[in-house]
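**Q** Provide a 3D model corresponding to the input given below.
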Amino acid sequence: MAFRLLAAFLACVPLLMLAINIATQSLGPDPGQEVTESLGLAAFQLLIVTLAMTPLKRWSGWAGWIRVRRMLGLFAFFYAVLHVLAFLQFILGWSDLWATFTKRPYIVAGALSFLMLVPLAVTSTRGMAKRLGKSWKPLHKLIYLIAIAAWVHFIWQARSDIAEMVAYGLVIVGLLALRWKWNGVRGLIPLVRG
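**A** Model (predicted):
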């Protein structure tokens, strides 16, 4: 229980830091851009942390990592929703959605990542897992495609300093390589039992 509370607190830290920066007006010359990027980065980082829970459990033998995985995934979705809303409010606007969507490839990658995340959030409860039965796990393998699409979303909009995104990409590749090693290539393919 204490570990769950600690994990929840740590997942809330990006939002708390953002709230402090808003209250102290420390967001720089383009506050809307800063809010949008901070929320998106928090969603992406939590997505990667969620992917890391299974390897941590396998290495440590402690099941506590798996107990917080669903919660961290839902926090990632929460930040992703806020990121999309901030993007629509501060950057894109609500009127010219389609024109901008088709002109900026990074938006397409981000939208695909977000849309694939929705069914995972909707089916994250124990009740939905029981209802879906053996289809639940293959559906939740979408997390692998989501992580890749989210990384593409970030790397495409990086302007000069891409070192951080390259580092995140290497972490994702490492986590996916572990799953390949443990479960074979079929274990990485969404919607396929393996």
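
**Q** check what pLDDT the nearest residue in space to Val166 that is not next to it in sequence gets.
**A** The shortest distance from Val166 to any non-neighbouring residue, by C-beta to C-beta, 6 or more residues apart in numbering, is to Ile155 (7.9 Å). Using the backbone N, CA and C atoms, a C-beta is placed for each residue, glycine as well. Ile155 carries a pLDDT value of 92.

**Q** same question, Leu51
**A** For Leu51, pLDDT reads 96.

**Q** run a quick check on it versus Ile143, I expect a contact.
**A** Yes: counting by C-beta atoms under 8 Å, Leu51 touches Ile143, with 6.5 Å between them.

**Q** of these two, which one has the most company?
**A** Comparing Leu51 with Ile143 by other C-beta atoms under 10 Å, the one with more neighbours is Leu51, at 24 against 18.

**Q** what residues are up against the more buried one?
**A** Going by C-beta atoms under 8 Å, 6 or more residues apart in numbering, Leu51 touches 143-144, 147, 172, 175.

**Q** ok, of these, which one's closest to Pro14?
**A** Relative to Pro14, the closest of the contacts of Leu51 is Ala147; by C-beta to C-beta it sits at 17.8 Å.

**Q** against Leu120, how distant is that closest one?
**A** Separation of Ala147 from Leu120 (C-beta to C-beta, to the nearest Å): 12 Å.

**Q** and those two? which has more neighbours close in?
**A** Ala147 (25 against 20).

**Q** can I assume the more buried one is in contact with Ile48?
**A** Yes: Ala147 lies in contact with Ile48 (C-beta under 8 Å); the separation is 6.7 Å.

**Q** shared neighbours of the two, anything?
**A** Joint contacts of Ala147 and Ile48 (C-beta under 8 Å, 6+ apart) are 172, 175.

**Q** and the next helix or strand past the lowest-mean-pLDDT helix or strand in the chain?
**A** Ranking every helix and strand in the chain by mean pLDDT, DSSP states H and E puts helix 97-103 at the bottom, with a mean of 65. Counting by DSSP states H and E, the next helix or strand C-terminal to helix 97-103 is helix 105-122.
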